[in-house]
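Colleague: Output the structure for:
(one chain, ligands or ions: 1)
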Amino acid sequence: MAISPLQKARSAYAPKLPVALRNGALVKVISGEPTTAVSDVDKIKALFPSTFGSPVLTFEQGEGAKGNAINVGVILSGGQAPGGHNVIAGLFDGIKSINADSKLYGFLKGPDGLVKNEFMELTSDIIDAYRNTGGFDMIGSGRTKLETEEQFKKGAENCKALNISALVIIGGDDSNTNACLLAEYYKHNNIPIQVIGCPKTIDGDLKNEWIETSFGFDTACRVYSELIGNIGRDANSAKKYWHFIKLMGRSASHIALECALQTQPNVAIISEEVEAKKMTLGEVVNSIAKAVIARADKGLNFGVALIPEGLIEFIPEIKSLIAELNDLLAQEAEAFGKLNDADSKIAFVVGKLGAESKAVFTSLPKGIQLQLCNDRDPHGNVQVSLIETEKMLAEMVKTQLKSMPEFKGKFSTQVHFFGYEGRCAAPSNFDADYCYSLGFNAAALIGAGKTGYMSSVRNNIKKSDEWIAGGIPITMMMNIERRHGHDKPVIKKALVELDGKPFAFFAANRDKWAIETAYVYPGPIQYFGPSEVCDLVSKTLTCEKA
Ligand code: FBP
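Modeller: Residues are numbered from 1 along each chain as shown. Prediction:
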């Protein structure tokens, strides 16, 4: 198979491990005090009687001892994130360090592979071909949720057939919640399968005191920031377009904030702030229009605006509109399905909405009205990632400017959506090291006989020599949330904290960035060269831990 010169050179990169893991995965385990949960302690304790309260673990270097061979299964769950292959490579090397006869099985296409018994043995040839590469294509991923007893039992049967005594689930907050449910089920029922989670998601919303960042966030943000920088340079060269750039990240705006810190655009909307200030869509549009006018007054008829993917769900009036539309279209599915043209669909909806939602709906551009009506996921919800918010805002700002006599400039727009471009990029040095360490560390948790833990490698703003390896009980990160009408134990999602240091830095500088052309051009991720360009840590993490 042909591979690029960079991939070839990169395959020789040896990811760095924390000192605790450098003598193999059989480590010295230091146990802390028993833990509780983020909130709803009694309910979480009752739901996880066998795994609740386990201590935080910190590892110290072992003596290089060998143990029994173990068979381990690994699953990639959810959206792609750079570095997933290195987690698997680290896990492979970790279990081999315990015993060369240990085996690693990859369950294919996500959690479904475990239930349907679709797997492949991951041999050193396979692992070596994927070291330091992006993507999840080694074994594939999927979004099936592991949550029913039937799935747990099937999984146990399939593991038994392969003599698998430990599973590593690489996923986001929901997948790790389900990893914990699985761990609890197996422990409670004396099924000898350990379950360990690894924190993955480009969205950056799986983090807390112990998990400082989810893997993939660093690389994805660097890819987007490179592109945003290039666009900023183009905007500043041609001086004729305002670029509206939507950035992936689902609900949280961590990606938009990190990219803003890296590139200093004229505008960056942060959904969490919009919600906290209860801003209307009109106010969001106005805030952008103000920046356009301020720049136009200086003769600068160009700019860059960053829009987080989940924005519309954080605008209270649109949130209510979407909820009403979800119900309406579910109830009227048949009648609505018979309508063929756009105008009659829109008229149908307008005729049935309540007064407030109707006012919001009719204020939206026609294309967005249709997207809100058409795109539903299997649960009957609007798929917000398919709504072209960047286009909607560009159009609405244009309309707004037309009604503002004080605007004397020109306003032409280009729209972009950056998401998939970053999810499978070759991992930055940070993610290559972090992911490999998370995987190797998962082997250490397995070697220590633990279950219901998330692999934790922290102190990440320091060099890997000072990284702290260990394990965090997943129940410790949980609270109870209302999901689809039921109370569920879930890992608390981390949204952008408006009193946090990354947002504070952005807020202190954004007015200046709005008016001046202060763009920073980060350029592509560097893998070879001086450490100050190759071994960067995200601005978010740097601010948070400063
Ligand atoms: P995870 O939370 O599973 O890591 O997925 C992240 C993400 O990339 C979001 O940013 C985005 O909204 C979503 O996946 C897109 O999903 P899909 O790959 O199904 O289009």
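Colleague: for the stretch 301-450 of the chain, what spans make up the helices?
Modeller: Along the stretch 301-450 of the chain, counting by DSSP state H, counting those that start in this stretch, helices occupy 311-314, 316-331, 333-337, 342-352, 355-363, 366-374, 389-402, 420-423, 429-447.
Colleague: Of those helices, which is nearest the ligand?
Modeller: With C-beta to the nearest ligand atom, the closest approach to the ligand among these belongs to helix 420-423: 5.7 Å. Quick note: C-beta positions are derived from backbone N, CA and C, even for glycine.
Colleague: for that closest one, packing partners?
Modeller: When contacts are defined as 3 or more C-beta pairs under 8 Å, 6 or more residues apart in numbering; DSSP states H and E, helix 420-423 packs onto helix 217-238.
Colleague: Can you mark which positions in the helix it packs on are buried?
Modeller: When neighbours are counted by 16 or more other C-beta atoms under 10 Å, the buried residues of helix 217-238 are found to be 217-229, 231-232, 234-235.
Colleague: just the residues you listed that are near the ligand?
Modeller: Near the ligand, judged by C-beta under 6 Å from any ligand atom, there are no entries from the buried residues of helix 217-238.
Colleague: sorry, back to before: so of the helices of the stretch 301-450 of the chain, which one's packed in deepest?
Modeller: helix 429-447 (a mean of 29; mean count of other C-beta atoms under 10 Å).
Colleague: Which elements pack onto it?
Modeller: Partner elements for helix 429-447 (3+ C-beta pairs under 8 Å, 6+ apart): strand 55-60, helix 84-98, strand 164-171, strand 194-199, helix 217-238, strand 453-458, strand 468-473.
Colleague: what element comes up after the last one heading to the C-terminus?
Modeller: The reference is to strand 468-473. Using DSSP states H and E, the next helix or strand after strand 468-473 towards the C-terminus is strand 478-483.
Colleague: Any idea how far that following strand is from the middle of the chain?
Modeller: Taking C-alpha atoms, centre = their mean, to the nearest Å, the mean C-alpha location of strand 478-483 is offset from the chain mean by 19 Å.
Colleague: cool, stretch 315-322 as well?
Modeller: Going by C-alpha atoms, centre = their mean, the spacing between the C-alpha centre of stretch 315-322 and its chain's C-alpha centre is 23 Å.
Colleague: what about it, average pLDDT?
Modeller: Confidence for stretch 315-322, expressed as mean pLDDT, is 92.
Colleague: again, but for stretch 108-118
Modeller: 97.
Colleague: quick one: pLDDT of residue 340?
Modeller: If you check residue 340, the pLDDT there is 87.
Colleague: isn't residue 495 right next to residue 251, touching?
Modeller: Yes - between residue 495 and residue 251 there is a contact at 7.0 Å, judged by C-beta atoms under 8 Å.
Colleague: what touches both of these two?
Modeller: Here residue 495 and residue 251 have residue 205 as joint contacts, going by C-beta atoms under 8 Å, 6 or more residues apart in numbering.
Colleague: what pLDDT does residue 384 get?
Modeller: 71.
Colleague: Not counting sequence-adjacent ones, nearest residue to it?
Modeller: The shortest distance from residue 384 to any residue other than its chain neighbours is 5.6 Å, reached at residue 313 (C-beta to C-beta, 6 or more residues apart in numbering).
Colleague: ditto for residue 521
Modeller: residue 229 (3.8 Å).
Colleague: check contacts around that neighbour.
Modeller: By C-beta under 8 Å, 6+ apart, the contact set of residue 229 is 262, 263, 519, 520, 521, 522, 523.
Colleague: Farthest pair within these?
Modeller: Greatest spacing in the contacts of residue 229, by C-beta to C-beta: 519 and 523 (12.3 Å).
Colleague: Those two: who's more crowded?
Modeller: For residue 519 versus residue 523, the count of surrounding residues by other C-beta atoms under 10 Å is larger for residue 519: 19 against 12.
Colleague: Can you report phi and psi for that one?
Modeller: With angles defined as degrees, to the nearest 10, residue 519 sits at phi -60, psi 140.
Colleague: Give me the distance between the residue lying closest to it once chain neighbours are set aside and the ligand.
Modeller: Leaving aside its sequence neighbours, residue 519 sits nearest to residue 232 (C-beta to C-beta, 6+ apart; 3.6 Å). Summarising the geometry, the distance separating residue 232 from the ligand, computed by C-beta to the nearest ligand atom, to the nearest Å, is 23 Å.
Colleague: does residue 232 really touch residue 304, like I thought?
Modeller: Yes - the pair residue 232 and residue 304 passes the contact test of C-beta under 8 Å, sitting 5.1 Å apart.
Colleague: Give the residues shared as contacts by the two.
Modeller: Taking C-beta under 8 Å, 6+ apart as the contact rule, the neighbours common to residue 232 and residue 304 are 243, 263, 265, 519.
Colleague: Just say helix, strand or coil for the third one.
Modeller: It refers to residue 265. Residue 265 falls in the coil class when you classify it by DSSP: H, G, I helix; E, B strand; the rest coil.
Colleague: residues contacting the closest residue to the ligand within the stretch 101-250 of the chain?
Modeller: Taking C-beta to the nearest ligand atom as the measure, the point where the stretch 101-250 of the chain comes nearest the ligand is residue 201, at 3.4 Å. Taking C-beta under 8 Å, 6+ apart as the criterion, residue 201 is in contact with 78, 79, 81, 171, 172, 173, 214, 216, 217.
Colleague: and the stretch 151-300 of the chain, which of its residues are near the ligand?
Modeller: Counting by C-beta under 6 Å from any ligand atom, the stretch 151-300 of the chain comes close to the ligand at 172, 201, 202, 203, 248, 249, 250.
Colleague: same question but for the chain, I mixed them up
Modeller: Counting by C-beta under 6 Å from any ligand atom, the residues of the chain lying close to the ligand are 78-79, 81, 172, 201-203, 248-250, 309, 385, 423.
Colleague: among these, who's most crowded?
Modeller: When neighbours are counted as other C-beta under 10 Å, the busiest of these turns out to be residue 81, with 34 neighbours.
Colleague: Surely it touches residue 213?
Modeller: No - between residue 81 and residue 213 there is no contact, the gap being 11.2 Å when judged by C-beta under 8 Å.
Colleague: residue contacts, residue 80?
Modeller: Contacts here follow C-beta under 8 Å, 6+ apart; on that basis residue 80 touches 134, 135, 136, 141, 202, 216, 423, 424.
Colleague: and the gap between it and residue 119?
Modeller: With the distance defined as C-beta to C-beta, to the nearest Å, residue 80 ends up 20 Å from residue 119.
Colleague: Buried residues of stretch 152-161, list them for me.
Modeller: With the criterion 16+ other C-beta under 10 Å, stretch 152-161 contains buried residues 152, 154, 155, 156, 158, 159.
Colleague: helices or strands up against the host helix or strand of residue 541?
Modeller: Secondary-structure assignment from DSSP H and E places residue 541 in helix 539-545. Secondary structure elements in contact with helix 539-545, counted by 3+ C-beta pairs under 8 Å, 6+ apart, are helix 254-263, helix 501-515.
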